[in-house]
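Trainee: 3D, please:
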Amino acid sequence: MATHSSKIRKAVIPAAGLGTRFLPATKAVPKEMIPIVDVPMIQHIVEEAVRAGIEDVILITARHKEAIENHFDYNYELEDTLDKKHKQELADVSRAIGKMCNLISIRQKNPMGLGHAVLCAEPVVGNEPFAVLLGDDLIDSRVPCTRQLVEIYEREHASVVGVMEVPKDEVSKYGIVGGKMLDPRTMHVDRLVEKPAPKDAPSRFAIPGRYVLSPAIFQCLKETRPGKGGEIQLTDGLQLLAEREKLLAYQFEGTRYDTGDRLGFIDATLAFALRRPELAEGVRQIMTKHLSGK
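Mentor: Numbers count the residues shown, from 1 in each chain. Take a look at the predicted model:
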């Protein structure tokens, strides 16, 4: 049984994928840098982690992803130019991104799956619990989704995955959990299945990419055999973890957008634009114009 400290200080954000669903945009630009209105997707994810109390963000990256690291660094030339042009608000926006967190970048040299990407973080995470946030899942909530999971980990001293209920015909798109409900939002997990057929799904609770895990997951991932395409699946590692120590699933509060999907990305862009006072009315007019066919 792993020893559990209560404070979650580190988060792992896998960002090594090729982003093929967004070609040609991702031919030269990392998928994670595509913006929702004017904020890169990866910044939304990092901000969620920081708002959950995370101090160190560990990015798992690949070749040609330097733009992500540069984004979270200071840009002296840009900030100096903005200062000289008396555009203080924009200069402050740029500097704030650089101050956001301590960013640590690790290369995943071979694309061997999500489980392998998480395992790449072990030298930095060490023997302490940590959060995992996937960049394709934007979760809009009053209390950050990761914060909700951190609170459960700190209270229960058990790994926890965020879940949402999906229609039966969509279970084959996700990792699905099964187990015993402890209360209307919390399940004690004993089974996880990656992308099951609807008839084989143990429930309709899907994991859309938020986790707070004990360091025991690293040993589980080392023992996980590669599956389809030679990839090590995080879901398989979590199944092993569930057999060794308590694993919970929590139905988080909030709206999830699948920004790895083009329609989901458009959905998120519209939702976030409509929340911006300076954009909302103009966006409504544009939507009305297109919907009326004029």
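
Trainee: and the gap between the nearest residue to residue 51 once chain neighbours are set aside and residue 133?
Mentor: Excluding its sequence neighbours, the residue lying closest to residue 51 (Cβ to Cβ, 6 or more residues apart in numbering) is residue 144, at 4.5 Å. The C-beta positions use only the backbone N, C-alpha and C, and glycine is treated the same way. Going from residue 144 to residue 133 by Cβ to Cβ, to the nearest Å gives 10 Å.

Trainee: quick one: the strands in the stretch 1-150 of the chain?
Mentor: Under the criterion DSSP state E, counting those that start in this stretch, the stretch 1-150 of the chain contains strands at 10-14, 35-36, 39-40, 56-61, 102-107, 130-133, 137-140.

Trainee: name the helices or strands packed onto the fourth one?
Mentor: Helices and strands in packing contact with strand 56-61 are listed as strand 10-14, helix 41-51, helix 66-71, strand 102-107, helix 122-125; criterion 3 or more Cβ pairs under 8 Å, 6 or more residues apart in numbering; DSSP states H and E.

Trainee: Find the one among those with the highest mean neighbour count.
Mentor: strand 10-14 (a mean of 26; mean count of other Cβ atoms under 10 Å).

Trainee: contacts for that one?
Mentor: 42, 45-46, 49, 52, 54-60, 108, 114, 117-118, 121, 124-125, 128, 130-135, 146 (Cβ atoms under 8 Å, 6 or more residues apart in numbering).

Trainee: one step back: nearest to residue 265, out of the strands of the stretch 1-150 of the chain?
Mentor: Nearest to residue 265, of all the strands of the stretch 1-150 of the chain, is strand 35-36, at 7.7 Å by Cβ to Cβ.

Trainee: Now do the closest one: which elements does it pack against?
Mentor: Other elements packing on strand 35-36 under the criterion 3+ Cβ pairs under 8 Å, 6+ apart are helix 262-274.

Trainee: ok and the helix it packs on relative to helix 41-51, angle-wise?
Mentor: Computed with axes from the mean of the first three to the mean of the last three Cα atoms, to 10 degrees, the direction of helix 262-274 lies at 60 degrees from that of helix 41-51.

Trainee: pLDDT (mean, whole number) over helix 262-274?
Mentor: For helix 262-274, mean pLDDT rounds to 93.

Trainee: For burial, what's the neighbour tally of the residue nearest to residue 51?
Mentor: Neighbours of residue 144 under the rule other Cβ atoms under 10 Å: 23.

Trainee: before we move on, back to that, out of the strands of the stretch 1-150 of the chain, which gets nearest to residue 214?
Mentor: Residue 214 sits nearest to strand 130-133 of all those, at 8.8 Å, using Cβ to Cβ.

Trainee: export that closest one as CSV, just CAs?
Mentor: This file holds the C-alpha atoms of strand 130-133, laid out as CSV (Å, rounded to 0.1, in the frame of the first residue of the first chain):
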residue,chain,number,x,y,z
PHE,A,130,-0.6,14.0,-8.4
ALA,A,131,-3.3,15.1,-10.8
VAL,A,132,-3.6,14.2,-14.5
LEU,A,133,-5.4,16.6,-16.9
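
Trainee: Show me which parts of that strand are buried, residue by residue.
Mentor: Neighbour counts over strand 130-133 (16 or more other Cβ atoms under 10 Å) mark 130-133 as buried.

Trainee: what's the closest of these to residue 226?
Mentor: Among the buried residues of strand 130-133, residue 132 lies closest to residue 226 (Cβ to Cβ), at 19.3 Å.

Trainee: for that closest one, what are its contacts?
Mentor: Under the criterion of Cβ under 8 Å, 6+ apart, the neighbours of residue 132 are 11-14, 118, 209-213, 234.

Trainee: Among those, find me the one that's closest to residue 184.
Mentor: Of the contacts of residue 132, the one sitting nearest to residue 184 (Cβ to Cβ) turns out to be residue 210, at 18.8 Å.

Trainee: okay, the host helix or strand of residue 189 in PDB with CA atoms only?
Mentor: Per DSSP states H and E: residue 189 is located in strand 186-194. Below are the C-alpha coordinates for strand 186-194, written out as PDB (Å, rounded to 0.1, in the frame of the first residue of the first chain):
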ATOM      1  CA  THR A 186     -19.400   8.700  -5.900                       C
ATOM      2  CA  MET A 187     -18.600   5.100  -6.800                       C
ATOM      3  CA  HIS A 188     -16.100   2.600  -5.400                       C
ATOM      4  CA  VAL A 189     -14.600   1.400  -8.600                       C
ATOM      5  CA  ASP A 190     -13.800  -2.300  -9.100                       C
ATOM      6  CA  ARG A 191     -13.800  -2.400 -12.900                       C
ATOM      7  CA  LEU A 192     -12.600  -0.300 -15.700                       C
ATOM      8  CA  VAL A 193     -13.100  -1.000 -19.400                       C
ATOM      9  CA  GLU A 194     -11.500   0.900 -22.300                       C
END
